[in-house]
Every structure is written in structure tokens, then in C-alpha cells.
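S.K.: predicted coordinates and the sequence they were generated for:
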Amino acid sequence: MAASSLTSAFRTNLVLLGTAGGRTSYGGTTLAGISSALVVDGDVYLVDFGQGWLRRYLQAGLGMMPGKPGLSSLRAAFITHLHADHVMDYPALFLFGTTDGLAARKTPVRVFGPGPRGSLVPLSGANRTNVPVIHPEDPTPGTVVMTESIYKAFANDINDNIRDSQKPDPHTLVAVEDIKVPNGVVVDANRDGAPDMQPFPVYQDDKVKVTAILVSHAPVFPSFAFRFDTADGSVVFSGDTSPSQNLIRLAKGADVLVHEVIDTHWIDEFLPRPRNAAQEAKARHLLEAHTAVEAVGAVAQAGGVKTLVLSHLAPADSSESRWRRAQEGYSGRVVVGKDLMWLGIGAPVSMGKER
Ligand SMILES: [Zn+2]
Ligand SMILES: [Zn+2]
């Protein structure tokens with residue numbers, strides 16, 4: 001593990017920028033929201049834009065790599081799903097990036113994210129009427145439309161920047177695409193948003209090949225896991241999911257699996273038994289949409305992954321000893337993720353040599 005890109009002995013590094021899951025401060029955590037970076041020979045590939053990702057990006061030294069100031073080191077970004085804890089600080093990419101590095105890139109940053117859900121999430125609970133719908137003209141937008149809506153919301157600032165400060169149009173700096181789920185895979189997102197399927201390609205360049213698969217995070221659709229294959233090894237990001245056969249398929253033989261996790265003792269603490277029907281439904285929902293710490297080891301074992309890294313910690317303030325239960329059923333190495341943690345992938349290429 002190294003302190004920064006300048007001292008890392010590895011060509012490829014996993015850097016955890018933010019490790020907190022969920023949209024809450026848990027009463028005052030200082031962890032940033034979920035966001036991870038894979039740094040491959042000076043290029044950065046980002047997964048998710050949780051709260052504070054940009055601050056952590058700069059703290060990690062990713063904005064100070066030789067010849068690549070600010071966000072010019074960012075080559076591509078991948079959004080697992082559109083829950084707010086994964087995209088809360090997405091606007092920072094273009095609002096800040098326009099003036100801090102993106103214009104120095106020869107090619108636009110590529111952003112890949114979920115497409116539109118296609119239909120509203122079904123109503124939970126019984127006998128609910130007059131439930132408001134936000135923006136009924138398009139209530140379930142995907143990444144491309146969401147991005148354009150952010151530009152619209154910030155048009156005052158962006159136009160000021162273009163006209164007065166002579167900055168470029170952010171459309172020319174960031175190229176956003178909705179990830180297309182292969183035809184025929186999902187019949188009804190409200191019945192099964194992650195049926196058995198094979199991984200499919202999303203992106204490839206000279207340093208990484210990225211594949212995706214749908215994972216089980218109902219009622220969210222689409223919710224993706226991503227696999228990055230590099231010359232130094234492979235790293236898989238679970239996104240938000242309950243234990244998923246699709247994820248196990250995607251993660252087969254990977255060097256590192258970065259997996260979300262939820263502490264079941266915490267659920268018992270804030271929803272103590274006996275529970276009423278609403279509390280029981282809430283507890284069940286948390287467990288059906290996420291992976292209990294006692295269950296994540298079996299996922300890593302089934303995938304045959306060498307190292308399991310816990311992130312998207314819910315709650316963010318649980319103790320190390322509670323997260324260590326992830327070792328149950330797993331013979332590999334468990335790493336409890338922390339913000340700004342570096343993990344070298346593959347073999348070290350040099351010791352402390354600046355690149
Ligand atoms: Zn989440
Ligand atoms: Zn989520």
C-alpha cells in the first residue's frame with residue numbers, strides 16, 4: 001500500500017476515494033460517499049461519484065500526476081446506478097472539471113451510466129393514493145438525460161463561464177453514454193431487473209477492458225457491476241446488490257472484488273425486535289437490496305477471487321471487528337476499505353520510484 005501515485009511501486013492501483021454507503025451522515029461520519037478509482041499507468045478510471053469524490057481525488061494525489069494536472073488524469077467514469085449516494089457529486093465533474101484539467105485532455109472524458117428505468121417503481125405499502133410523481137413528463141431519466149438536466153440547472157454559471165471566461169462548452173469535454181443492456185435480457189424490470197445473463201462489453205482502450213452485468217438491487221433498474229481487466233490483473237466493483245449469481249459470474253477468478261456490505265447488527269439496533277409491519281418491511285428491504293456482512297465472504301469464495309475489499313459500508317461508522325465477519329466462508333484475504341486506501345494490483349514494478 002502506498003501513500004500516493006508518486007510513491008506507489010505498482011503500475012496499477014485501486015484507490016478507494018469514498019467508502020460510505022447510503023445517503024446519511026450516520027450522525028457525523030467523516031467518510032466520503034461511495035467512489036473508487038482504478039489508476040492504470042497514469043490514467044484514472046472512476047466508479048461512481050459519491051459525496052466528496054472530487055476532494056478525495058485531489059487528496060489522493062490523482063490531480064498531481066506528472067503531466068496530468070487536475071482532472072486531466074481522468075480518462076473514463078462508470079456509474080453503477082442512479083441512487084443519489086452514487087451520483088450526488090456528479091455535477092462536480094463538469095462544473096469544476098471545466099476549469100481544472102478537463103480542457104487539457106486531448107479527448108473528452110467518457111462517462112458510462114445506466115439508461116432510463118422505463119417505468120416508475122411500483123408503490124410500496126397498501127392503500128396509498130395521490131402519491132406525487134416528480135417530473136411526470138420523464139420521471140425515470142437515465143444518465144444522458146440527467147446530465148443534460150444538470151447543464152440546464154447550472155446554465156447560468158456555465159454560460160457565464162463560456163461567455164466571460166472563454167471556457168469551453170462542457171459538452172466538448174465530457175462524452176456521456178447510457179449503457180445499453182443487451183437485447184432480450186430484461187423482460188420486466190419490476191419483476192426481475194437482473195436475470196441470469198453473461199457479462200457484456202462496455203468500454204475498451206489500450207489499458208483496460210470493461211465489462212458489465214446486471215445485479216440485484218430492486219427496485220432499481222438498471223443496476224450494474226463492472227469488471228476491469230488490465231495487464232496487471234482484474235478488479236471487479238459490485239455496485240449495490242444482494243448476493244448475486246451474475247456478480248459471481250462477472251467476478252470469476254478476479255484479483256480483487258470491491259463489494260458493498262451491510263452490517264446486520266446495525267439493522268437489529270435501529271429496527272429492534274419485535275417489529276411492526278412497516279419496520280419489518282424496511283429491514284427486509286435493506287437485506288434484499290444489499291449484502292449482509294456474513295454473506296459477502298461466500299460470494300467472494302464462489303467467484304474464486306483473491307482479495308475481497310469491503311466498501312460502501314453501511315453504516316459508515318461500524319467497527320472493524322464487525323466488518324471482519326466478512327471472512328466467514330472465504331479463504332482469501334479480506335480488506336476493510338477506508339477512504340484514501342491504495343492497493344497495488346499485480347506485481348510491483350519499482351520501489352518508490354517517481355513516474
Ligand atoms: Zn448505495
Ligand atoms: Zn443503491
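M.R.: Nice, I can see it. Ligands and ions are numbered 1, 2, ... in the order given.
S.K.: ends of stretch 75-83, what's the gap?
M.R.: One end of stretch 75-83 to the other measures 23 Å (CA to CA, to the nearest Å).
S.K.: anything in that stretch near ligand 2?
M.R.: Yes: using CB under 5 Å from the ion, we find that stretch 75-83 touches ligand 2 at residue 83. Glycine gets a C-beta too; all of them are placed from N, C-alpha and C.
S.K.: residues of the stretch 101-250 of the chain that sit close to ligand 1?
M.R.: Checking the stretch 101-250 of the chain against ligand 1 by CB under 5 Å from the ion, the hits are residue 240.
S.K.: strands of the stretch 101-250 of the chain, start to end?
M.R.: 109-114, 174-179, 200-204, 209-214, 224-230, 233-237 (DSSP state E, counting those that start in this stretch).
S.K.: quick one, which of those strands is nearest to residue 15?
M.R.: strand 233-237 (10.9 Å; CB to CB).
S.K.: what angle do that closest one and strand 209-214 make?
M.R.: 30 degrees (axes from the mean of the first three to the mean of the last three CA atoms, to 10 degrees).
S.K.: just checking, what packs against strand 233-237?
M.R.: Here strand 233-237 touches strand 224-230, helix 245-251, strand 256-262, going by 3 or more CB pairs under 8 Å, 6 or more residues apart in numbering; DSSP states H and E.
S.K.: deepest-packed of the ones you listed, please.
M.R.: strand 256-262 (a mean of 27; mean count of other CB atoms under 10 Å).
S.K.: C-alpha coordinates for that strand, CSV please?
M.R.: In CSV, the C-alpha atoms belonging to strand 256-262 read as follows (Å, rounded to 0.1, in the frame of the first residue of the first chain):
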residue,chain,number,x,y,z
VAL,A,256,-9.8,-8.0,-6.4
LEU,A,257,-13.5,-7.8,-5.7
VAL,A,258,-14.7,-4.5,-4.2
HIS,A,259,-18.0,-5.4,-2.7
GLU,A,260,-20.7,-3.5,-0.9
VAL,A,261,-21.7,-4.6,2.6
ILE,A,262,-24.3,-4.0,5.3
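S.K.: mind checking which of the helices and strands packed on strand 233-237 is nearest ligand 2?
M.R.: If you check each of the helices and strands packed on strand 233-237 against ligand 2 by CB to the ion, strand 256-262 wins as the nearest, at 8.3 Å.
S.K.: could you pull up the mean pLDDT of stretch 199-218?
M.R.: Here stretch 199-218 scores 98 as its mean pLDDT.
S.K.: try stretch 231-244
M.R.: 98.
S.K.: how many neighbours does residue 125 have?
M.R.: Counted by other CB atoms under 10 Å, the residues lying close to residue 125 total 9.
S.K.: how about it, what does it touch?
M.R.: When contacts are counted by CB atoms under 8 Å, 6 or more residues apart in numbering, residue 125 touches 278, 281.
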